[in-house]
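**Q** Here is a sequence together with a model predicted from it:
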Amino acid sequence: MVQSQFSAYDFIADITPGAVAIGLSLTLLPEGHFILDEAQEVGVAAGLTFVIFAYVVGHLIQAIASPIDTYWAKYRGFAYPFENELSGEDSDSSSDDEGSLDQVSVNEKFTSEVESHFSGEFSNTDIFFLTQSRLWNEDIGRMRRFQVLYTFFRSLWVVFAIGTVLHVLILVAKWFEYYNSFLGTEDSIVLISGLTVAALLAYYRRKKMHKKMAKTMVIDFYANILVKED
């Protein structure tokens with residue numbers, strides 16, 4: 001049976017960032033563009049087309065956002081949370097959702113038992129993908145929720161950052177009369193400021209969701225799988 005319905009992942013991680021990117025792209029158009037003149041004449045068919053187009057654009061954004069985010073994380077010296085969990089480098093043993101749970105103890109027990117569960121010696125990256133696949137396939141725990149949110153905020157911060165750069169370039173081009181944007185100078189400055197703040201907020205939310213995803217992966221895998229095997 002063909003599944004034709006969009007999932008929550010599609011709407012949150014693909015369609016919404018795609019719609020935001022399309023909306024921001026309209027602010028880059030020159031003054032008097034026909035799309036701006038006809039933007040209010042939107043019917044049901046046009047709305048459906050927009051959703052499909054946003055879905056495609058969202059996929060493209062993910063393809064672009066992933067390498068950009070990875071490069072930026074390496075440039076900033078930001079280690080992946082899951083590897084920190086396994087190596088014990090994450091000194092924060094508290095958890096917003098688990099109350100007094102000793103996260104460090106859980107990490108140590110998970111690390112000591114997970115390789116025997118998969119019957120082999122694996123790198124932290126291998127363990128991440130194996131753990132992720134097991135939890136996803138059996139729909140266990142809350143990791144999926146945080147992964148969707150992590151992907152969502154990753155796409156958003158990249159979209160907002162790219163939008164900021166493009167609007168700065170357009171503003172400079174407008175000052176030198178190379179491009180006639182329909183936005184005024186003051187409007188452009190306000191938009192650039194807003195996009196900058198939005199990019200920063202989305203980036204730090206992405207980091208938080210990434211960290212929560214790593215913590216819940218370890219907790220859920222240990223509690224739901226490893227403990228049951230003892």
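**A** That came through fine. None of these values were measured; they are calculated from a predicted model.
**Q** roughly how far out does the helix or strand that T49 is a member of sit from the chain middle?
**A** Using DSSP states H and E, T49 sits within helix 44-75. On the basis of C-alpha atoms, centre = their mean, to the nearest Å, helix 44-75 sits 10 Å off its chain's mean C-alpha point.
**Q** For whichever helix or strand comes after it, which outside residues touch it?
**A** Where DSSP H and E defines the elements, the next helix or strand beyond helix 44-75 is helix 81-87. By C-beta atoms under 8 Å, 6 or more residues apart in numbering, the residues outside helix 81-87 that reach it are 89-90, 107, 110-111, 124-125, 127-128, 210-211, 213-215, 217-218. The C-beta positions use only the backbone N, C-alpha and C, and glycine is treated the same way.
**Q** V165: which of the residues you listed is nearest?
**A** H210 (23.5 Å; C-beta to C-beta).
**Q** So which bits of the helix or strand containing the closest one are buried?
**A** H210 is part of helix 185-221, with elements assigned from DSSP H and E. Neighbour-count burial for helix 185-221 flags 188, 191-192, 195-196, 198-199, 202-203, 205-221 (criterion: 16 or more other C-beta atoms under 10 Å).
**Q** on that earlier part again, same for the helix holding T49, what does it pack against?
**A** If contacts are counted by 3 or more C-beta pairs under 8 Å, 6 or more residues apart in numbering; DSSP states H and E, helix 44-75 sits against helix 16-26, helix 143-175.
**Q** Need the ones you listed in TSV (columns: distance to I225).
**A** Below are the helices and strands packed on helix 44-75 laid out as TSV (distance: least, C-beta to C-beta, whole Å):
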stretch	distance to I225
helix 16-26	32
helix 143-175	12
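**Q** Could you say which of those is packed most deeply?
**A** Most buried of these by mean neighbour count (mean count of other C-beta atoms under 10 Å) is helix 143-175; its value is a mean of 20.
**Q** got the angle for it vs helix 16-26?
**A** 10 degrees (axes from the mean of the first three to the mean of the last three C-alpha atoms, to 10 degrees).
**Q** Tell me if I'm right that A161 and A199 touch.
**A** Yes - between A161 and A199 a contact is recorded at 4.5 Å, counting by C-beta atoms under 8 Å.
**Q** which residues touch the residue lying closest to V57 once chain neighbours are set aside?
**A** Nearest residue to V57, sequence neighbours excluded (C-beta to C-beta, 6 or more residues apart in numbering): G18, at 3.7 Å. Neighbour list for G18: 53-61 [criterion: C-beta under 8 Å, 6+ apart].
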